[in-house]
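Novice: Predicted model follows, preceded by the sequence.
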Amino acid sequence: VGFDGLIRNTFRIPPQTFIFCLSLFTFLSFFLSPKRRREKMDAPSGMEAKKMCEDDENDEALVQKWRGSVPTSISMHRAEVCSVVPPESYFVSIPRFARITAFHDWFENGEMREYFQHFRWVKSGGGDENAKTNRDENHDDKSSANTTTTITTHNTVWFETKPMEVELFNLRGGKKRKISIPIQWNAPFGVIADIIKALVGSENNTVPLELVARYSQRDELSLSFRHALGDDAQKACKSHFFNALKEASYIQTGSSQVVMSMGVQVRENLWESTMTMGTVISGDGDIDSNSTGYKKAKEALTKIRKEAGKREKKMIGGGVVPIRAYEVDVARQGKEGENGDIDDTEDGQAFWERCVRFSSAPIGRNLSITECLDDVLFPHKINSSTKGESRTIQIEGIEIDESKPVGALWNTLAAPDGFMHIVVIKNYRKL
């Protein structure tokens with residue numbers, strides 16, 4: 001009996017019909033299988049696919065932003081060195097989002113702190129502080145070679161620039177003087193670096209940025225430039241960071257609950273992301289993509305932005321975003337003393353406070369940078385003295401066109417604390 005006879009005797013159907021039914025069964029089994037149905041359900045629509053592509057591109061831009069850092073050289077003040085030979089400068093690339101005093105204690109599990117610890121006056125007797133007297137070896141001023149300086153040592157660091165030549169202005173013009181400028185600890189280090197470059201001018205800008213670590217207490221310094229005696233720099237910076245994040249979240253969502261409800265690990269990852277370089281190399285030399293700054297911060301930032309997006313849909317004009325701006329104008333006139341000189345010309349803190357104005361406000365997404373600055377943050381009357389002024393706008397070290405909308409820039413250039421930090425360099429030589 002042939003194959004045809006076997007088919008007829010067994011199934012009582014023509015072989016062509018049997019083959020057709022078998023093919024149809026195979027076809028339906030493949031396309032109606034559970035796995036195929038799941039793939040079909042998971043396949044994105046055209047709009048969803050476009051949004052996923054845009055999200056991937058935005059993620060890449062944010063990863064690049066986290067790679068920003070400032071090459072820095074840190075030395076000790078000669079009057080605070082207990083050894084005959086001062087230590088070599090410590091070279092490090094500091095992330096733009098880091099708080100400088102917290103980074104000093106955090107970097108490589110305190111490696112920077114330990115490096116300078118060997119050359120510092122150390123406390124004795126178990127007290128919180130210890131007064132030491134040391135000969136001030138300032139080789140630039142021979143008259144001070146035989147003077148003594150009382151130094152109070154403690155564990156909290158503050159920073160200032162190396163003596164830099166700056167131009168000091170009064171009503172009669174300007175004059176150049178070398179001063180050391182203390183730097184604030186409560187702003188991202190990238191912002192501080194941009195401000196310093198604007199203060200000292202392009203001819204004094206060096207790479208790396210040269211800073212001096214100070215451990216002696218200076219009570220006359222404002223607490224914006226140093227921590228209170230006994231404060232832990234890490235805790236103080238972390239507390240300030242999350243207070244700023246709560247403020248930014250309230251501006252966007254109408255509540256700080258989204259920050260308050262973050263888990264402990266999410267908060268830790270977000271904080272550590274500010275001091276983490278964009279790319280971390282593991283022990284075997286491979287790139288650890290899970291340890292990059294943006295990867296650590298992504299969960300927290302995504303949560304906040306989702307809540308903000310819900311509110312923005314209900315608001316006319318697309319909602320508001322939190323902005324902090326720093327206007328730097330070295331030519332701003334200071335107060336004159338009896339002899340026509342500016343008060344405190346040799347005081348770096350007074351120089352900073354005179355030249356740098358700070359402003360913070362919620363800004364509508366649809367406003368341009370020009371409208372943001374001139375109408376909200378630094379409103380001023382246009383007169384004959386202001387018509388000829390020029391300015392440069394920088395965000396994260398990037399020169400920005402003033403006509404750009406605030407919302408689009410904030411989406412990419414906002415810092416982990418929720419604010420976009422704008423540095424406005426006014427009426428001075430272009431960097």
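Specialist: Great, that's in hand.

Novice: Can you classify Arg214 as helix, strand or coil?
Specialist: Of the three states, Arg214 takes strand under DSSP: H, G, I helix; E, B strand; the rest coil.

Novice: May I have the residues that are in contact with the closest residue to it other than its chain neighbours?
Specialist: In this structure, Arg214 finds its nearest non-sequential neighbour in Trp158, 5.2 Å apart by CB to CB, 6 or more residues apart in numbering. C-beta: built from backbone N, CA, C; applies to glycine. Residues near Trp158 by CB atoms under 8 Å, 6 or more residues apart in numbering: Thr101, Pro182, Trp185, Arg214, Arg218, Leu221, Phe225, Arg226, His227.

Novice: Kindly report the same for Asp347.
Specialist: With contact taken as CB under 8 Å, 6+ apart, Asp347 is in contact with Ile179.

Novice: Does anything pack onto the helix or strand containing Ile422? Which helices or strands?
Specialist: Taking DSSP states H and E as the definition, one finds Ile422 inside strand 420-426. Helices and strands touching strand 420-426, by 3 or more CB pairs under 8 Å, 6 or more residues apart in numbering; DSSP states H and E, are helix 189-200, strand 320-328, strand 391-395, helix 406-413.

Novice: Lys426 against Val328, yeah?
Specialist: Yes. Under the criterion of CB atoms under 8 Å, Lys426 makes contact with Val328 at 6.6 Å.

Novice: who has more neighbours, these two?
Specialist: Each of Lys426 and Val328 has its neighbours counted (other CB atoms under 10 Å); Val328 has more, 24 against 19.

Novice: Tell me how many other residues crowd the closest residue in space to the more buried one that isn't next to it in sequence.
Specialist: Nearest residue to Val328 in three dimensions, chain neighbours excluded: Ala198, at 4.2 Å (CB to CB, 6+ apart). Counted with other CB under 10 Å, the neighbours of Ala198 add up to 26.

Novice: Kindly report the same for Thr412.
Specialist: Look at Thr412: counted by other CB under 10 Å, it has 14 neighbours.

Novice: Wait, a helix at Thr302?
Specialist: Yes. Counting by three-state DSSP, one finds Thr302 located in a helix.

Novice: Could you pull up the residues touching the closest residue to Arg365 other than its chain neighbours?
Specialist: Of all residues not flanking Arg365 in the chain, Gly407 sits nearest, at 2.9 Å (CB to CB, 6+ apart). Going by CB under 8 Å, 6+ apart, Gly407 touches Gly318, Gly319, Val321, Gly364, Arg365, Asn366.

Novice: Val258 now?
Specialist: By CB under 8 Å, 6+ apart, the neighbours of Val258 are Ser249, Lys303, Ile304, Glu307.

Novice: so Val320 touches Asn366, yeah?
Specialist: No. The criterion here is CB under 8 Å, and Val320 misses it with Asn366 at 9.9 Å.

Novice: Compare the contacts of Val258 and tell me which is most surrounded.
Specialist: Counting by other CB under 10 Å, top hit in the contacts of Val258: Ser249 with 23 neighbours.

Novice: what's the angle between the helix or strand in which that residue is found and helix 406-413?
Specialist: Ser249 belongs to helix 233-253 when assigned by DSSP H and E. Angle of helix 233-253 versus helix 406-413, following axes from the mean of the first three to the mean of the last three CA atoms, to 10 degrees, is 140 degrees.

Novice: Now do helix 233-253: everything it contacts.
Specialist: 99, 101-102, 104-106, 156-157, 185-186, 227, 255-256, 258-260, 267, 270-271, 274, 304, 307-308, 310-312, 319-322, 362, 416-419.

Novice: can you pull the buried residues of that helix?
Specialist: Neighbour counts using 16 or more other CB atoms under 10 Å place 233-234, 236-238, 240-242, 244-253 of helix 233-253 among the buried residues.

Novice: and the residue nearest to Arg214, that one's in a strand?
Specialist: Yes. With three-state DSSP as the criterion, Trp158 is assigned to a strand.

Novice: Could you tell me how far it is located from Gly201?
Specialist: Noted for Trp158: a distance of 24 Å to Gly201, by CB to CB, to the nearest Å.

Novice: Same question for Leu229.
Specialist: 34 Å.

Novice: More neighbours: which of those two?
Specialist: Neighbour tally, Leu229 and Gly201, criterion other CB under 10 Å: the higher count belongs to Gly201, 17 against 13.

Novice: Narrow the contacts of helix 233-253 to just the buried residues.
Specialist: Burial by neighbour count, 16+ other CB under 10 Å: within these this picks out 99, 101-102, 104-106, 156-157, 185-186, 227, 256, 258-259, 267, 270-271, 274, 304, 307-308, 312, 319-322, 416-419.

Novice: Tell me which two in the contacts of Gly407 are the farthest apart.
Specialist: Farthest-apart pair in these is Val321 and Asn366; separation 10.6 Å (CB to CB).

Novice: Can you find the helix or strand in this structure with the smallest mean pLDDT?
Specialist: One helix or strand of the chain scores below all others by mean pLDDT, DSSP states H and E: strand 130-135, with a mean of 40.
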